[in-house]
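A.B. asks: pasting the sequence and the predicted coordinates here, then a few questions.
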Amino acid sequence: MKLEKLIEDAGWFGHFGSLGEIDFSNEMMTDFIFVTITYTLGWAGSLLGLLFLWIIWLISRIFQTVKDPFGKMLVSGSFAIFTAQVTVSIGMSLGLLPIISLSLPFMSYGALSAMINAFLFGLVLSVYHKKILY
């Protein structure tokens, strides 16, 4: 109920100066970082989610250009992992999906999640870079 109240009170431009309603526990910096961003920066700031859609679109374009079957499998696996993380994290923050412990890629607090996502993007970029050789 607290998440719903924070989302409802966010407004278009948020409450950047008044962060008193948010208790900065681990969950608000990892699992519900989208709620924290929406409350502090507003719905205009949460349009940062469009950046995730752009990245998903770019990975799908890379998948279409790669001809090597193994490269296609690497890119499609990375696409599936990244898309699932973004969809489930934003969906559970908005109350559309059940709450599980899944962080938003590159936004949530924690080094392991960032390293795994960086490794996945490294694989995708490596396959894209080597697509000319195959």
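C.D. replies: Happy to help now that I have it.
A.B. asks: can you list the low-confidence ranges for the chain?
C.D. replies: 1-31, 43, 132-134 (pLDDT under 70).
A.B. asks: same thing but 50
C.D. replies: For the chain, residues meeting the criterion pLDDT under 50 lie at 26.
A.B. asks: give the next helix or strand downstream of the helix or strand hosting residue 63.
C.D. replies: Element membership for residue 63 (DSSP states H and E) is helix 49-65. Going down the chain from helix 49-65, the next helix or strand is helix 69-93, by DSSP H and E.
A.B. asks: for the helix holding residue 63, buried residues please.
C.D. replies: Buried residues in helix 49-65, defined by neighbour count with 16 or more other CB atoms under 10 Å: 49, 52, 55, 59, 62, 63. Bear in mind the C-beta positions are built from the backbone N, C-alpha and C, glycine included.
A.B. asks: run the angle between it and helix 69-93 for me.
C.D. replies: Interaxial angle, helix 49-65 versus helix 69-93 (axes from the mean of the first three to the mean of the last three CA atoms, to 10 degrees): 160 degrees.
A.B. asks: residues contacting the strand or helix carrying residue 125, please?
C.D. replies: Here residue 125 sits within helix 111-129, counting by DSSP H and E. Around helix 111-129, the neighbours that count as contacts under CB atoms under 8 Å, 6 or more residues apart in numbering are 59, 62, 65-66, 68, 71, 74-75, 78-79, 81-82, 85, 103, 105-106.
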